Each structure stands twice: as C-alpha cells, then as structure tokens.
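Chemist: give me a 3D structure for the following:
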Amino acid sequence: MIHLQRVLIAFMLMAGLACSRTNTRISGVVENGAHKTITLERLDVNRTSLIDTVKIGTNGSFSIKTQLEEPELYILKNETGEIVNLLPAPGEKVSISTSSESFGTGYSVTGSEESEKIRLLVEHMQRTRSVLDSLLTAADSIGDPESPQMDLIRNAFTQTIIKQKRYTIRYLVENMTSLSSVYALYQKYDDGSLVLATDADLQYFKVVADSLESVHPNSSLTKSLRADVERREARYKEDSQLNTLLSMVDKEVGMLDLSIPDRNGQEKELSSLKGKVILVAFWASGNQASIQSMLQLKSTYNRYHDRGFEIYAISLDNNKASWMNAIDFNEFTWFNVSELSYPDSRANQLYNVTSLPAIFLINREGDIVAKNLFGRTLETWLDNLL
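Modeler: Numbers count the residues shown, from 1 in each chain. A predicted model of the protein is given here:
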C-alpha cells in the first residue's frame with residue numbers, strides 16, 4: 001500500500017512538473033502605456049490567431065500566461081498596430097521593456113534566447129528600411145531620372161538590398177536549426193517585398209524546412225513552413241511549364257514571313273532581310289502616336305543601318321495617297337509596305353497587333369526577341385545584336 005502511494009505521489013509530481021514546463025509567461029513594462037490595451041497573437045506562416053487581450057496597469061506593467069508544447073512565434077500588439085515579435089519556448093518567463101512611443105521599434109527582451117534573435121533581425125531590418133527610405137527621399141528631391149546623382153542613388157539602393165539579403169542568408173546558415181530562421185525567411189522590406197523573393201531563393205526555404213524537421217518535427221512552424229515550401233514548389237513547376245509553353249509558341253511564331261507591296265506595287269518579302277537585325281513596325285498615316293514613334297526611329301535607323309539594321313514598316317492603311325504623303329512628308333526611307341486593306345489586313349492578324357504603334361525586334365537568325373522598344377532601350381538591344 002505504501003509502495004502504491006509513493007508511485008501515485010511520484011506520478012502527481014511528474015505531472016505537475018510537465019504542466020509547469022508548458023506554462024509560459026510574457027510580461028513587461030510599457031512606459032506611458034497605462035490603461036491601454038495590448039494583445040498577444042500567435043503567428044503562423046500565413047495567418048495569425050488571437051491568444052489573449054489585457055489592459056496595461058497603472059504602472060505600465062502587463063502579464064500574459066499561455067500554454068506551449070513547442071516554441072511558437074508570437075506578436076505582441078498595441079492599440080495602434082505596432083508589434084513586438086517574440087519566439088518563446090515552453091516554460092520561459094519572457095520580459096519586455098519598451099515605451100508607448102517606441103513600441104515595436106525600440107525594446108529589450110530577456111528570458112528568451114530565440115526572442116532576442118528575433119529582436120536582432122528586426123533591428124537590422126529597421127536600419128535597412130531607414131537607409132532605403134532616405135535614398136528614396138533623395139531621389140524624389142532630384143526629380144530628373146537622367147541625372148548623374150540618380151545613378152549614384154540607384155547604385156546605393158541596389159547595394160543596400162544586396163547587403164540585407166547577404167545578412168539574411170548568413171543568418172540562416174548560422175541558425176539553421178533555430179525556429180527564428182522561419183521569421184528570417186519571411187522578412188519583408190515593406191508589405192509586399194520579401195527579402196528572399198526570387199525563384200532561386202526557394203532553396204533556402206527547403207533547406208531550413210529540412211533542418212527544422214530534424215530538430216523540431218512537431219512544431220507548428222516547421223509544419224507550416226513545409227506546407228508553404230510544397231505550395232511554392234508546385235507554383236514554381238506550374239510557372240516553369242507555362243514558360244516552356246510560351247517559349248514554344250515564340251519559336252513556332254518566330255519571324256512569320258510576310259510579302260507585302262511597296263508604294264510601287266512591288267512585293268517585298270520580310271524573309272529577304274534575314275541575316276539582318278530587323279524591326280517590324282506597324283503604324284498608320286492617320287494615327288499620330290504611331291507617326292511620332294516612327295519619327296523617333298529615324299535617328300536610330302541612321303545610326304545603325306550601316307551595321308546591318310533594317311526597318312520593315314507596315315502601314316495599316318486603306319488609302320494609298322494618305323499613306324504615301326505620310327512617307328514623303330516625314331521622310332521615312334526604310335522599307336515601307338502596305339496591304340491597303342485595313343481593317344482586313346493579314347499582317348496585323350498574323351502578328352496579333354491590337355494597338356498602334358506595335359514594334360517587333362527580330363535577330364539575325366529570324367527570331368522575335370523583343371517587342372515595343374524605343375529610344376535608348378532599343379539601341380541597347382541593337383548594340384548587343386549587331
């Protein structure tokens with residue numbers, strides 16, 4: 001009987017200890033926050049859920065208790081929406097010190113090693129955002145996008161983005177088995193711009209998921225991350241299949257050959273220009289926007305024509321006199337052709353032209369490589385193709 005009592009007592013003690021291990025307390029002081037409301041929310045990869053809401057005491061203190069079986073990402077949120085990110089573990093007593101004015105941007109945390117890691121991630125991102133905001137303000141003050149100072153700002157902006165990404169990747173490598181790495185994976189510059197946003201960055205999500213499954217297999221964060229990785233992989237495969245189909249279409253279309261009369265009634269075949277870099281340009285004598293675009297092309301044509309650049313200009317007209325007057329008045333000296341049957345022209349149907357102007361750039365091999373290029377952008381392409 002005595003032996004049985006001892007077993008029961010030991011069992012009760014063990015149960016009590018197990019229970020205490022899952023009791024987690026989050027408390028702290030918010031200066032100038034007396035009587036304001038503060039909420040605790042559980043943060044998943046794609047959603048949040050409310051845990052508790054409390055009033056801050058007269059002296060600025062608050063305390064929230066919650067039950068944890070695994071470390072969880074939490075958000076401590078004030079009435080105006082500022083947040084403190086936390087990652088408490090079961091049994092931890094987390095203490096936060098902040099103020100109503102600097103809630104979420106200036107705070108300290110003790111009693112939780114992982115929450116301190118989150119704070120450091122937040123602090124570094126705040127510095128990055130501050131630099132980016134300063135650069136954007138400087139750019140707005142300059143105004144002229146062609147200014148040499150704008151080039152310096154663009155370079156500084158790019159370097160800041162690169163530094164932040166390198167910091168994030170280095171953090172992931174050094175903290176691969178820490179659940180704080182999940183937070184690092186989803187950090188953003190703003191509401192819509194992830195630090196790790198490219199298809200190639202999917203590898204970091206996969207590696208972190210693999211690592212966490214070996215250390216925290218039962219964590220809801222690990223499971224949510226794995227589910228998100230699977231969704232991203234599925235979307236990536238769909239996008240890859242779509243791009244493959246689109247590339248097949250482009251190859252199928254390539255340079256659709258055309259044979260259209262010039263002003264003298266002589267058939268001019270587009271394929272006769274193969275071996276040159278060709279700009280197929282759709283315009284119309286009664287469309288002022290397209291005439292303006294053709295006028296812009298004149299200097300480019302004069303600069304690159306001797307290097308193997310040709311323009312095959314297709315006018316969507318039905319009046320020969322209007323078409324020829326426009327050619328002569330504007331001094332368009334390239335290949336000018338027209339079916340003079342608009343709106344029943346075959347050429348614009350083959351090239352799926354729905355608005356004017358419409359430009360198609362064709363390389364020496366006869367493949368369409370770009371569309372609707374003008375000015376410096378077009379000339380950059382020509383420098384690379386010729």
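Chemist: what helix or strand is residue 359 on?
Modeler: strand 358-362 (DSSP states H and E).
Chemist: and if you look at residue 210?
Modeler: Using DSSP H and E, residue 210 maps to helix 202-215.
Chemist: give me the buried positions along that helix.
Modeler: 204, 205, 206, 208, 209, 211, 212 (16 or more other C-beta atoms under 10 Å). Every residue, glycine included, has its C-beta placed from N, CA and C.
Chemist: can you give me the helices for the stretch 201-350 of the chain?
Modeler: 202-215, 220-253, 288-304, 320-330, 346-350 (DSSP state H, counting those that start in this stretch).
Chemist: may I see the buried residues of the fourth one?
Modeler: Taking 16+ other C-beta under 10 Å as the neighbour-count basis, helix 320-330 is seen to contain the buried residues 323, 324, 326, 327.
Chemist: relative to residue 356, which of those is nearest.
Modeler: Ranked by distance to residue 356 (C-beta to C-beta), the buried residues of helix 320-330 are led by residue 326 at 13.0 Å.
Chemist: what sits against the closest residue to that closest one other than its chain neighbours?
Modeler: With C-beta to C-beta, 6 or more residues apart in numbering as the criterion, residue 326 has its nearest non-adjacent residue at 3.7 Å, and that residue is residue 285. Residues in contact with residue 285 (C-beta atoms under 8 Å, 6 or more residues apart in numbering) are 291, 315, 317, 319, 322, 323, 325, 326.
Chemist: and residue 85, what are its phi and psi?
Modeler: phi -90, psi 130 (degrees, to the nearest 10).
Chemist: shouldn't it be in contact with residue 75?
Modeler: Yes. Using C-beta atoms under 8 Å, residue 85 is in contact with residue 75, at 6.2 Å.
Chemist: identify the contacts common to the two.
Modeler: residue 43.
Chemist: quick revisit: of all pairs in the buried residues of helix 202-215, which one is the farthest apart?
Modeler: Farthest-apart pair in the buried residues of helix 202-215 is 204 and 212; separation 12.3 Å (C-beta to C-beta).
Chemist: what comes up buried for whatever helix or strand comes next after the strand holding residue 359?
Modeler: Moving toward the C-terminus from strand 358-362, the next helix or strand (DSSP H and E) is strand 368-371. Across strand 368-371, burial judged by 16+ other C-beta under 10 Å covers residue 368.
Chemist: what's the domain layout of this structure?
Modeler: For the chain, automatic domain parsing gives the domain ranges 20-110, 118-249, 259-385.
Chemist: turn those domains into CSV, including mean pLDDT.
Modeler: Compiled in CSV, the domains of the chain are given as follows (pLDDT from 0 to 100):
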stretch, mean pLDDT
domain 20-110, 87
domain 118-249, 85
domain 259-385, 91
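Chemist: from what I can see residue 216 touches residue 178, true?
Modeler: No. Using C-beta under 8 Å, residue 216 is not in contact with residue 178, being 9.2 Å away.
Chemist: does residue 205 touch residue 228 like I think?
Modeler: Yes. Counting by C-beta under 8 Å, residue 205 touches residue 228, with 7.1 Å between them.
Chemist: list the contacts of residue 25.
Modeler: 63, 64, 65, 66, 92, 93, 94.
Chemist: right, I mislabeled it, should have said residue 56
Modeler: Residues near residue 56 by C-beta under 8 Å, 6+ apart: 30, 33, 34, 35, 36, 37, 38, 62.
Chemist: kindly recompute the last result at 7 Å.
Modeler: Shown in contact with residue 56 (C-beta atoms under 7 Å, 6 or more residues apart in numbering): 30, 33, 34, 35, 36, 38, 62.
Chemist: again with residue 319
Modeler: By C-beta under 7 Å, 6+ apart, no residues touch residue 319.
Chemist: check the one 5 residues further on too.
Modeler: Taking C-beta under 7 Å, 6+ apart, we find residue 324 in contact with residue 263.
Chemist: skip the chain neighbours and tell me the closest residue to residue 118.
Modeler: Once flanking residues are discounted, residue 118 sits nearest to residue 85: 4.8 Å by C-beta to C-beta, 6+ apart.
Chemist: what's the neighbour count on that neighbour?
Modeler: The local packing of residue 85 (other C-beta atoms under 10 Å) involves 19 other residues.
Chemist: thanks a lot, see you next time.
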